[in-house]
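Peer 1: Predicted model and sequence follow; I will ask about them next.
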Amino acid sequence: MQLILNSVMAALAAFCLLFLATLPVSLQTQLIASIAVVTVMAIIKILKAGGVWRLIALCFGAVIVLRYVYWRSTSTIPPISQPENFIPGILLYLAEMYNVLMLGLSLFIVALPLPSRPSRKQKLDHFPSVDVFVPSYNEDAHLLANTLAAAKAMDYPEDKLTVWLLDDGGTLQKRNAHDLQDAGLAAARHAELQELCRELQVNYLTRDRNEHAKAGNLNNGLKHSTGELIAVFDADHAPARDFLKETVGYFAEDPKLFLVQTPHFFINPDPLERNLQTFDTMPSENEMFYGIIQRGLDKWNAAFFCGSAAVLSRKALDATEGFSGISITEDCETALALHSAGWNSVYVDKPLIAGLQPATFASFIGQRSRWAQGMMQILRFRFPLLKRGLSLPQRLCYMSSTLFWLFPFPRTIFLFAPLFYLLFDLQIFTASGGEFMAYTLAYMLVNLMMQNYLYGSFRWPWISELYEYVQTVHLLPAIVSVVLNPKKPTFKVTAKDESVATSRLSEISRPFFVIFAAQLIAVAITVYRIYAEPYKADVTLVVGGWNMINLILAGCALGVVSERGERASSRRIRVRRRCEFGFNGQWSPASIEDVSVRGARLNVFSRQFSQMQAGAIAEIRMQLHGRDEMATLPLVIRNTEQQGEILALGCQYLPQSAKDHRQIVDLIFANSDQWSDFQKSRRRNPGIIRGTVWFLGMALFQTSRGLAYLVRTLRPKDNAGAHEGAKP
């Protein structure tokens, strides 16, 4: 009965929206209605009214969006008899309708997402056997040691936990390669990782041939293991001690559960955050997905496997012949297959792993190209909308996740559409200045407000547009390639633990400067046309304003592709943990202020070590997180600074054995609460006005910084001088 009532109410609401959207009104009435809706939405937002008021505000916004769609479809498309106007005009129209479609899917998914689930680690009373898979291809032993040690140190019965390193870089195929150098490197890696696994007391597993990339590697792990559950961590994703206790309990409650997915949290900034210097103050890009969208997908039983930081049911994987490998995004494809087979998923919104993001812009684009191409393969080969076994909400959720990666097409059209008018005088959007104010400007404002309602503290104004723009330039050819030949893309491993030693322009930065120059020229043409053609000044001003928005985004992107040098090889994390510092048999109270995967900064509360020199060997003694056990870790001193009664020390770890790696990961990864606290410290909603002002200021600075990098690059080498000094 309740289902019937809900269906009737939904149908009635849809009818009302369509009626309001198509109601014929004058331009003046439309303008007044738009102002009224924007005002009401702003008042509801200022009052921070949630629940039903949030839905009311979104419904008001939906009316304005639908009125814009109706007007845009019936009054603005150039006549087909003018192909020079009609073709670019219809492309622009389709790009806008794509945005409206994605907005509609977003409303369906995240209008009322599930709240975060409470902690489960105190309630776990059943301990199923768990195999932990760490698939690897070309990662170095130091990085793998940290991940494997963290996995081995998880708080779980030792007899129920088995850790596996699945090495695809030391396969028999690679060790017998025709190239002797490649074969030698693979053999050396094979021997080194076998020894590492023996020290850490984890299982080493490789295979004969590198077939089906990561999916094939994981399936090989399934063949050689027996655990009831499978936990998967990427080579650079180290779990916290409470990872399993927060996740495995859900499987006892639902026999049809195949997946418990957790967020991917990163201890280093992505290239945009590093080059724009926003990592400590603004939510990361992936937080919108893991903080809001996955909770929305979870509401519809459509949260999907993200390749790592997840626990899966062996029973479910066996029922669908393991991990899927038709696409190069085996994670989402596997989840789609299992959801369509009637299995369920759960999303736990708490960061329980800490990983590494690509450090260079080129590696970032390579990673996103693989994601985009893989999702296009899923759209082509699996087409979720018609996938048998999925519920209607699941179909819509998967369509949203795959269609999102088509954004380079509309983003390219939005980028060049103003130039069609300014440079070639093409009439691709037939409307007056007044109509633009009443319909288009109202739609843009409402769209911004709806995005702020949906994602507020997780995504600041204009940041999505910037991320999409910087990816579009290089993702567009990658997506066109997979559309033309869906079987062409191959799995490429994302580079891990990179660093940028000196400041420089990215090797793939040239197109961004060309686009910026074209838009700058278009600004000059706008000014000229306003004076030369005053009878069309209203339309020219509108199009020129549109180009100016593109210019601001393009200018900010110049800062994105201007790579800042870093002295530190890895990101430091504040921990403030008590310990004891020892040197030459003398011990003193100390605190660990911050840590990284390479070293730590200490404050020693004593003057007795004031004469210590760089290069000295010392050690710290500390209590392991969540345990009574004490542990000692050797260090080498890199720098010292006396600050009153406190001696500040910069140290580098000196791991001598597997035991030392366990102490290092305990320092950095054991406590998951520190990741939650760090995320919360960045999550605030600046609002549309303040957020826009902040973005404009940042864009102006980054434009000047990018142009300065370009000038330095173009100088003759003998006169160029040093690049901007590396920053810690």
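Peer 2: Received the coordinates, thanks.

Peer 1: would you list every one of the strands in the stretch 451-600 of the chain?
Peer 2: Under the criterion DSSP state E, counting those that start in this stretch, the stretch 451-600 of the chain contains strands at 504-505, 562-563, 573-583, 586-595, 599-604.

Peer 1: Ignore what I typed, I meant the stretch 101-250 of the chain.
Peer 2: 130-136, 161-167, 203-205, 229-232, 238-239.

Peer 1: mean confidence score for the second one?
Peer 2: Mean pLDDT, strand 161-167: 97.

Peer 1: what's the angle from it to strand 130-136?
Peer 2: If you take axes from the mean of the first three to the mean of the last three Cα atoms, to 10 degrees, strand 161-167 sits at 20 degrees to strand 130-136.

Peer 1: Mind giving me the packing neighbours of strand 161-167?
Peer 2: strand 130-136, helix 141-152, helix 180-200, strand 203-205, helix 213-224 (3 or more Cβ pairs under 8 Å, 6 or more residues apart in numbering; DSSP states H and E). C-beta here means a position set from N, CA and C on the backbone, and glycine is covered the same way.

Peer 1: repeat that with 6 Å
Peer 2: On a contact count with 3 or more Cβ pairs under 6 Å, 6 or more residues apart in numbering; DSSP states H and E, strand 161-167 meets strand 130-136, strand 203-205, helix 213-224.

Peer 1: nearest residue to the residue nearest the centre of the chain other than its sequence neighbours?
Peer 2: For the chain, the residue sitting closest to the mean C-alpha position, by Cα atoms, centre = their mean, is residue 286 at 2.9 Å. Of all residues beyond its chain neighbours, the one nearest residue 286 is residue 264 (6.1 Å), with distances taken as Cβ to Cβ, 6 or more residues apart in numbering.

Peer 1: How many residues are close by that neighbour?
Peer 2: 22 (other Cβ atoms under 10 Å).

Peer 1: is it true that it lies in a strand?
Peer 2: No: assigned with DSSP: H, G, I helix; E, B strand; the rest coil, residue 264 falls outside any strand and is coil.

Peer 1: could we number from 50 for the rest of this?
Peer 2: All right, first residue 50 from here; so that's residue 313.

Peer 1: which of the helices and strands packed on strand 210-216 sits most buried?
Peer 2: Per-stretch averages of neighbours, counted by mean count of other Cβ atoms under 10 Å, single out strand 179-185 among the helices and strands packed on strand 210-216, with a mean of 25.

Peer 1: my guess is residue 652 meets residue 638, correct?
Peer 2: No: at 9.6 Å, residue 652 does not count as touching residue 638 under the criterion of Cβ atoms under 6 Å.

Peer 1: Compare the two (neighbour count), which wins?
Peer 2: residue 652 (17 against 12).

Peer 1: ok, so what distance separates that one from residue 630?
Peer 2: Look at residue 652 and residue 630: by Cβ to Cβ, to the nearest Å, they are 9 Å apart.

Peer 1: Next: residue 165.
Peer 2: Separation of residue 165 from residue 630 (Cβ to Cβ): 39 Å.

Peer 1: of these two, who's got more company?
Peer 2: residue 630 (25 against 14).

Peer 1: which residues does that one contact?
Peer 2: By Cβ atoms under 6 Å, 6 or more residues apart in numbering, the residues touching residue 630 are 637, 639, 653, 669.

Peer 1: Now tabulate the residues you listed in a markdown table and tack on neighbour count.
Peer 2: Below are the contacts of residue 630 laid out as a markdown table (neighbours: other Cβ atoms under 10 Å):
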| residue | neighbour count |
| --- | --- |
| 637 | 15 |
| 639 | 24 |
| 653 | 26 |
| 669 | 25 |
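
Peer 1: How about stretch 140-149, which residues are buried there?
Peer 2: 140, 141, 142, 144, 145, 147, 148, 149 (16 or more other Cβ atoms under 10 Å).

Peer 1: Could you do stretch 160-180 as well?
Peer 2: For stretch 160-180, burial by neighbour count (16+ other Cβ under 10 Å) applies to 160, 161, 162, 163, 166, 169, 173, 176, 177, 178, 179, 180.

Peer 1: any chance of those in CSV, with distance to residue 354 and pLDDT too?
Peer 2: Rendered in CSV, the data for those read as follows (distance: Cβ to Cβ, whole Å; pLDDT from 0 to 100):
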residue, distance to residue 354, pLDDT
160, 24, 89
161, 24, 87
162, 19, 90
163, 18, 89
166, 18, 90
169, 20, 82
173, 22, 81
176, 23, 92
177, 19, 96
178, 20, 97
179, 16, 97
180, 16, 98
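
Peer 1: Over to stretch 346-365 now: how far is its first residue from its last?
Peer 2: Terminal residues of stretch 346-365 lie 20 Å apart, using Cα to Cα, to the nearest Å.

Peer 1: what about it, distance to the chain center?
Peer 2: 17 Å (Cα atoms, centre = their mean, to the nearest Å).

Peer 1: Show the average pLDDT along that stretch.
Peer 2: Taken as a whole, stretch 346-365 has an average pLDDT of 96.

Peer 1: what about the longest strand in this protein?
Peer 2: Ranked by residue count under DSSP state E, the longest strand found in the chain is strand 679-692.

Peer 1: What residues sit buried inside the first helix or strand past that one going along the chain?
Peer 2: Using DSSP states H and E, the helix or strand that follows strand 679-692 in sequence is strand 695-702. Residues of strand 695-702 classed as buried under the neighbour-count rule (16+ other Cβ under 10 Å) are 695, 696, 698, 700, 702.

Peer 1: for stretch 244-257, same thing?
Peer 2: For stretch 244-257, a neighbour-count test (16+ other Cβ under 10 Å) marks 245, 246, 249, 251, 252, 253, 254, 255, 256 as buried.

Peer 1: what sits against the second one?
Peer 2: The contact partners of residue 246, by Cβ under 6 Å, 6+ apart, come to 214, 253.

Peer 1: Export stretch 440-456 to CSV, keeping only CA atoms.
Peer 2: C-alpha atoms of stretch 440-456 as CSV (Å, rounded to 0.1, in the frame of the first residue of the first chain):
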residue,chain,number,x,y,z
SER,A,440,16.5,-2.9,-10.3
LEU,A,441,15.5,0.4,-11.9
PRO,A,442,17.3,2.5,-9.3
GLN,A,443,20.4,0.4,-9.8
ARG,A,444,20.2,0.9,-13.5
LEU,A,445,20.0,4.7,-13.1
CYS,A,446,22.9,4.6,-10.6
TYR,A,447,25.2,2.7,-12.9
MET,A,448,24.2,4.8,-15.9
SER,A,449,25.1,7.9,-13.9
SER,A,450,28.5,6.5,-13.0
THR,A,451,29.4,5.6,-16.6
LEU,A,452,27.8,8.5,-18.4
PHE,A,453,29.7,10.9,-16.1
TRP,A,454,32.9,10.1,-18.0
LEU,A,455,31.4,11.6,-21.2
PHE,A,456,32.0,15.1,-19.7
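
Peer 1: so which of the buried residues of stretch 160-180 comes closest to residue 290?
Peer 2: residue 173 (13.2 Å; Cβ to Cβ).

Peer 1: ok, that closest one touching residue 298?
Peer 2: Yes: using Cβ under 6 Å, residue 173 is in contact with residue 298, at 4.7 Å.
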